[in-house]
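*Asks:* 3D model of this:
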Amino acid sequence: MFKRTHTCGELSKDYIGTSVSLNGWVNTVRLHGQVVFVDLRDRYGKTQIVFNSEDYDGDFEAVKKLSMEDVLSVSGKVFNREAGAVNPDMATGEIEVIISEMEMLNEAAPLPFIISDRNSAEEDLRLKYRYIELRTDELQNNLKIRHKAYQAVRNYLSGQDFIEVETPVLMKSTPEGARDYLVPSRIHHGQFYALPQSPQIYKQILMISGYDRYFQIVKCFRDEDLRADRQPEFTQIDIEMSFVDEEVIYVQMEGLTRNIFKEVIGVDLPDAFPRLTWDEAMETYGSDKPDTRFELFLQDLKPFTDQSDFNAFKSAEIVKGLVVPGGAKYSRKNINGFTDFVKKYKAKGLAWIKAEEGQLTGGISKFFGEALEKELISETSMNDGDIIFLIGGEKEIVLNALGALRVEIGRVESLSGTGEFKPVWVTDFPMFEFDADANRYVARHHPFTAPSSSDIKDLETDPGSLKSRGYDLTMNGYEIAGGSIRNHKPEFQAKIFELLGMDEEEATARFGFLVEALKYGTPPHGGIAFGFDRLVMLLAGTNNIRDVIAFPKTTSAASLMDEAPSSVSDDQLAELNIRIVDKGE
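*Replies:* I've put the predicted structure just below:
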């Protein structure tokens, strides 16, 4: 192998006449009789190399047999390309290297899919041969973006006096929310470690320990149902601060987010991010992670449907509507498709009305009298050619279903501009949700979130009405970060455990070391965790989190490349005192 003097993305006209050695993969081969053109590729770029039978010292027949992804080491001299052969799409497009010597480092077997076209293969096949897919320009660029984001985070937070501390990967199981991944202990038979769902407890203990500004880029693990923007193992930017309130955290995290977008992709985010309360976000957008890049807003239509002759909505808790400009073009087939879509969100159906020539037509328009019709058009700002979709029923179902329809219409109509980023804080979440099946409250965020009230009596008298001091940072319809001010007083934390159905014994068994630590001088503190993979997904302009993770799992939590998870030997199981039983046993 020739010692590499330059990369395949480096050479320019400044190197004309220079002898160079390049190493890389065959990207393309073009045979022109006694001349063979090859684009040689490494992760830095591509260079056109030329084999001319008159100048080449080696076996020219071997050159003619080169194929895609063969690994070569070559040496030669840099020349100008002829004027008509300059390639403006290549950084090295003004030059070519006339090769005098070549060493075949490794021949490649026939490829399972075309590297230059990821869409030439289904994702499962690409994940099976992930090491080949990782050679594609798209994924190489995504991982460069991920690398830049790592550095931007570390540089910014280090400059703000944060200290990076690693927390344990093997920890005590404290199941809440998603299921834990458990790790059996060989030494302590019958006992298990858990992989952390987040470093939540450890970072709070670091605050108690006096490390007032902590961060960590950390792996987390959750055994939950998956989708395009979730993975069983994922990466967080984990952050905690002492002696702060929400405003301090907003300012610091806006600075971090602005820095990441500027450093990584050159985008300027606003100096101050807009804020919505949870109630405002749900009522206006039907989502607690609103995509504010387009202005379609949910409207309250119950006053109108109550006055109409349409009886199906009379008993509904709420009725919300969504006006779609130009939506009168939708055919019955389109509308049926939207109806099926909202039924996935438990809506019973989707009512609709079109506006044409100053009147309401189609759908349920016949149930509205002339005066009510004019009032509806005026209040909803409908124009000719628009359509309004209506859903009535239980509040949570209506808001979620119509909010999802809003996003779907935004996608169908291309209302969300690519390269546009709209961050929004969502604040004042409900502190608790009531689980009727379990007959108890559950935490909206997690049990360590502080309530908005500083009076413990409010936790005792009307917990269901309390707001939390939790906050999410959302962008373009994704939650990119979430956090809260924490409970730093032991009595508040104990009361919240009680409301969540944990008696003192259970709370001690699950979180005893934190409960104990809170007694020894705990400062007011709060923090946030960014979903790093999701953040990189936005930076890279993709909507699939697997595109920004080097070796991701499928939506069934499997790794197709190395066939994980897999069975283990009986000896390994015996050593761990584990026996596999059928589900029927």
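
*Asks:* how about low-confidence regions in this structure?
*Replies:* Low-confidence segments of the chain (pLDDT under 70): 175-177, 226-229, 438, 584-585.

*Asks:* which helix is the longest one in it?
*Replies:* helix 137-159 (DSSP state H).

*Asks:* need the contact partners of it.
*Replies:* 43, 118, 133-134, 164, 213, 215, 217, 237, 239, 255-256, 259-260, 263-265, 532, 535-536, 539-540, 542, 547-548, 550 (C-beta atoms under 8 Å, 6 or more residues apart in numbering). For every residue, glycine as well, the C-beta is placed using N, CA and C.

*Asks:* for that helix, buried residues please.
*Replies:* 139, 142-143, 145-146, 148-150, 152-153, 156-157 (16 or more other C-beta atoms under 10 Å).

*Asks:* next SSE downstream of it?
*Replies:* Sequence order places strand 163-164 as the next helix or strand after helix 137-159, per DSSP states H and E.

*Asks:* so which elements touch the longest strand along the chain?
*Replies:* Ranked by number of residues, the top strand in the chain under DSSP state E is strand 19-32. In terms of contacts (3 or more C-beta pairs under 8 Å, 6 or more residues apart in numbering; DSSP states H and E), strand 19-32 is packed against strand 35-42, strand 45-52, strand 71-80, strand 95-106.

*Asks:* so what's the gap between the third one and the chain middle?
*Replies:* Distance of strand 71-80 from the chain centroid (C-alpha atoms, centre = their mean, to the nearest Å) equals 41 Å.

*Asks:* the second one now?
*Replies:* Here strand 45-52 is found 39 Å from its chain centre; the criterion is C-alpha atoms, centre = their mean.

*Asks:* just grab the bridge partners of Y478 for me.
*Replies:* M475 (DSSP bridges).

*Asks:* tell me the contacts of it?
*Replies:* Shown in contact with Y478 (C-beta under 8 Å, 6+ apart): 229, 289, 534, 537-538.

*Asks:* compare these and tell me which is most surrounded.
*Replies:* When the contacts of Y478 are compared by neighbour count (other C-beta atoms under 10 Å), M537 ends up highest, at 25 neighbours.

*Asks:* and that residue, helix, strand or coil?
*Replies:* For M537, the secondary-structure state derived from DSSP: H, G, I helix; E, B strand; the rest coil is helix.

*Asks:* was I right about it contacting R546?
*Replies:* No: using C-beta atoms under 8 Å, M537 is not in contact with R546, being 9.2 Å away.

*Asks:* run a quick neighbour tally on the nearest residue to H445 once chain neighbours are set aside.
*Replies:* Leaving aside its chain neighbours, H445 sits nearest to G470 (4.4 Å; criterion: C-beta to C-beta, 6 or more residues apart in numbering). By other C-beta under 10 Å, the residues close to G470 number 27.

*Asks:* tell me who's in contact with T418.
*Replies:* Neighbouring residues of T418 by C-beta under 8 Å, 6+ apart: G541.

*Asks:* quick one: the strands in the stretch 151-300 of the chain?
*Replies:* 163-164, 181-184, 192-195, 213-221, 233-242, 275-277, 298-300 (DSSP state E, counting those that start in this stretch).

*Asks:* circling back: reformat the helices and strands packed on strand 19-32 as a markdown table; add distance to Y330 and mean neighbour count.
*Replies:* What follows is the helices and strands packed on strand 19-32, written out as a markdown table (distance: least, C-beta to C-beta, whole Å; neighbours: other C-beta atoms under 10 Å):
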| stretch | distance to Y330 | mean neighbour count |
| --- | --- | --- |
| strand 35-42 | 46 | 20 |
| strand 45-52 | 46 | 22 |
| strand 71-80 | 54 | 18 |
| strand 95-106 | 54 | 18 |
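
*Asks:* would you format those strands as JSON lines with distance to P325 included?
*Replies:* Converted to JSON lines, the helices and strands packed on strand 19-32 look like this (distance: least, C-beta to C-beta, whole Å):
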{"stretch": "strand 35-42", "distance to P325": "46"}
{"stretch": "strand 45-52", "distance to P325": "45"}
{"stretch": "strand 71-80", "distance to P325": "55"}
{"stretch": "strand 95-106", "distance to P325": "52"}
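
*Asks:* re the thing from before, my guess is the residue nearest to H445 meets R486, correct?
*Replies:* No: using C-beta under 8 Å, G470 is not in contact with R486, being 10.1 Å away.

*Asks:* shared neighbours of these two, anything?
*Replies:* Taking C-beta under 8 Å, 6+ apart as the criterion, G470 and R486 both touch T449.

*Asks:* and the host helix or strand of G526, what does it pack against?
*Replies:* Per DSSP H and E: G526 is located in strand 525-531. Helices and strands touching strand 525-531, as assessed by 3+ C-beta pairs under 8 Å, 6+ apart, comprise helix 200-208, strand 233-242, helix 246-265, strand 470-475, strand 478-485.

*Asks:* contacts for the longest one next, please.
*Replies:* Contact with helix 246-265 is made by 145, 148-149, 151-153, 155-157, 160, 239, 241, 267-269, 271-273, 421, 423, 425, 427, 469, 471, 473, 480-481, 483, 485, 526-528, 535, 539, as judged by C-beta under 8 Å, 6+ apart.

*Asks:* from these, keep the buried residues only.
*Replies:* 145, 148-149, 152-153, 156-157, 239, 241, 269, 273, 421, 423, 425, 427, 469, 471, 473, 480-481, 483, 485, 526-528, 535, 539.

*Asks:* surely I49 is in contact with L22?
*Replies:* Yes: between I49 and L22 a contact is recorded at 7.0 Å, counting by C-beta under 8 Å.

*Asks:* which neighbours do the two have in common?
*Replies:* Residues touching both I49 and L22 (C-beta under 8 Å, 6+ apart) are 40, 74, 97.

*Asks:* now distance to Y345 too, for the residues you listed, in CSV please.
*Replies:* Compiled in CSV, these are given as follows (distance: C-beta to C-beta, whole Å):
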residue, distance to Y345
L40, 51
V74, 58
V97, 58
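
*Asks:* of these, which is the nearest to F511?
*Replies:* Among the shared contacts of I49 and L22, L40 lies closest to F511 (C-beta to C-beta), at 57.7 Å.

*Asks:* residues in a beta bridge with the closest one, which ones?
*Replies:* Taking DSSP bridges as the rule, L40 bridges to V26, T47.

*Asks:* which ones are touching it?
*Replies:* Applying C-beta under 8 Å, 6+ apart to L40 gives the contacts 8, 22, 24-27, 46-49, 72, 74.

*Asks:* thought V426 was touching F273?
*Replies:* No: in this structure, V426 is not within contact of F273 by C-beta under 8 Å, at 10.6 Å.

*Asks:* I335 belongs to a helix?
*Replies:* Yes: counting by three-state DSSP, I335 falls inside a helix.

*Asks:* measure it to G321 for me?
*Replies:* Taking C-beta to C-beta, to the nearest Å as the measure, I335 and G321 are separated by 14 Å.

*Asks:* next up, the contacts around the residue nearest to P274 when sequence neighbours are not counted.
*Replies:* Sequence neighbours aside, V424 is the residue nearest to P274 in space, at 5.2 Å (criterion: C-beta to C-beta, 6+ apart). Contact analysis of V424 by C-beta under 8 Å, 6+ apart lists 273-276, 281, 290, 292, 473-475.

*Asks:* mind redoing it with 10 Å?
*Replies:* Counting by C-beta atoms under 10 Å, 6 or more residues apart in numbering, V424 touches 273-276, 281, 285, 289-292, 472-476.

*Asks:* report the buried members of those.
*Replies:* Using 16+ other C-beta under 10 Å, the buried members of the contacts of V424 are 273, 276, 281, 285, 289-292, 472-476.

*Asks:* show me where the stretch 401-550 of the chain has helices.
*Replies:* In the stretch 401-550 of the chain, the helices defined using DSSP state H, counting those that start in this stretch lie at 456-461, 490-499, 504-517, 532-540.
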